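In: take this sequence and fold it.
(2 chains)
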Amino acid sequence: MSRELYKFCLFVQIISAEWGDFLNRQEYIEFAESRAKRTTSLKNCIWAFVVGGFICVIGQLLVYAYMNVVKEEKTAYSLTSVTLVFLSGLLTGIGRFDKLASRAGAGTLVPITGFANAVASPAIEAKSEGYIKGVAAQMFVIAGPVIVYGSASSVIYGIIYYISMKIAGQI
Amino acid sequence: MEFDILMLLKAFLVGGALCLIAQILIDKTKLTPAYILVGYVCSGVLLNAVGIYPKLIKWAGAGATVPLTGFGNTLAEGVKEAIKKDGAFGILYGGISATAAGITAAILFGLLWSLLFKSKNK
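Out: Predicted structure coming up:
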C-alpha cells in the first residue's frame, strides 16, 4: 500500500512542480510513518478488545461454574477473580503471559489478570535480591499504588456516603 | 443464576470495550500501565458512587467485575455496607475488607510463583 503511495507521490512530483515541493521525500516519510502508526494503533485496539473480552467470557463461565458450589453471587464473583489471579500468575511464571501481553496490551492489563501479573512478575524478577527487599518489596511496585489510591478513594467516598446518610437520617 | 449464552456475549462486549478504552488511552496519551490501573480502580469507585456500575454488573456480569473497575466497585460497595453495619468506623475498614480475598490471593500466589519460578531474563 505505502509502496504504491510512494509511486503515486513520485508521479505527482513529476507532473506538478509545486506538489513536488510539498511532497518531498522527508515529508513523505513523515506521512508514511504517521500512517503506519495509525494501523498499529488500530491493530492494538482490536487485540485489546478481543483478548480483554475473551478473558471476561472465561470469567463469566467461571462464575457459572462456581454458582453450582456457592450460594451467593458475590462469592462466585470473588472466587472467579481469585482463579484468574491464580492462572495469570502461573502464566507469568512459565513466561507465557508476557508473550500474550505484548500483543494484547490493555486486553490483558485491564482485567484482574493485569493486576496479578503486576504482582507476580516483579516478585519473580527480584528473586536474586532476596526474599525481603527483593520478592516481598518489589511485589508492590505497581500493586502498591493501586491499593493506596483505591483505598484512599474508597475512604473519600465513605465519608461522603456517611455524611449524606446522616443528613438523610438513615443511620 | 442460570446459564445464559447472551450473558457471555454481553460480558465479551463490556469487558472488551473497557480494555479498548484503556488501549486508546495508552496509544494516544503518555499514560503508563501503572496509571491506567490506578485510574481504572478510582473510576470504579466513582462509577459505583453515581450508581452506574452495579447496573453494569447486573447487565454484563463478569464483563464488568473482571476488569479493574470492578475492583474499585467492590471497594465502594464494601464501604457502603460497612457504614450501614458499623456507622463511621466502616469508612476505614469497608473497602479493603471487601476486596481482601483478591488482594490476599494476589500476594500469596505472587509469593508462591516467586518460590517456584526463576526469571527468564537472567
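
In: got a list of contacts for stretch A:156-164?
Out: Here stretch A:156-164 makes contact (CB atoms under 8 Å, 6 or more residues apart in numbering or on different chains) with A:171, B:45-46, B:48-49, B:76, B:79-80, B:82-83, B:87-88, B:90-92, B:94-95. (Each C-beta comes from the backbone N, C-alpha and C, glycine too.)

In: if we go to 7 Å?
Out: Contact partners of stretch A:156-164, identified using CB atoms under 7 Å, 6 or more residues apart in numbering or on different chains, comprise B:Val45, B:Ala49, B:Ala76, B:Val79, B:Lys80, B:Ile83, B:Ala88, B:Gly90, B:Ile91, B:Gly94.

In: and for stretch B:14-33?
Out: Counting contacts by CB under 7 Å, 6+ apart, the residues outside stretch B:14-33 that touch it are A:41, A:44-45, A:48-50, A:52-53, A:55-56, A:105-107, A:109-111, B:36, B:56, B:60, B:63-64, B:66-67, B:69.

In: pull out the buried residues from it.
Out: For stretch B:14-33, a neighbour-count test (16 or more other CB atoms under 10 Å in any protein chain shown) marks B:14-23, B:25-27, B:33 as buried.

In: could I have the CA atoms of it written out in CSV?
Out: Coordinates of each C-alpha in stretch B:14-33 appear next as CSV, following Å, rounded to 0.1, in the frame of the first residue of the first chain:
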residue,chain,number,x,y,z
VAL,B,14,-18.4,-4.8,28.0
GLY,B,15,-15.0,-6.4,29.0
GLY,B,16,-13.7,-5.8,25.5
ALA,B,17,-14.9,-2.2,25.5
LEU,B,18,-13.2,-1.4,28.8
CYS,B,19,-9.9,-2.8,27.5
LEU,B,20,-10.4,-0.8,24.2
ILE,B,21,-10.7,2.5,26.1
ALA,B,22,-7.5,1.7,28.0
GLN,B,23,-5.7,0.8,24.8
ILE,B,24,-6.7,4.1,23.2
LEU,B,25,-5.5,6.0,26.3
ILE,B,26,-2.2,4.2,26.1
ASP,B,27,-1.7,4.8,22.4
LYS,B,28,-2.9,8.4,22.3
THR,B,29,-1.5,9.7,25.6
LYS,B,30,1.6,9.1,27.6
LEU,B,31,-0.1,7.2,30.4
THR,B,32,1.8,4.2,31.6
PRO,B,33,0.2,0.9,32.5
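
In: now do that stretch, average pLDDT.
Out: In this model, stretch B:14-33 carries a mean pLDDT of 95.

In: do stretch B:46-61 as well
Out: pLDDT averaged over stretch B:46-61 gives 97.

In: that stretch and chain A, are they touching?
Out: Yes. Using CB under 7 Å from any CB of the partner chain, stretch B:46-61 reaches chain A at B:Ala49, B:Gly61.
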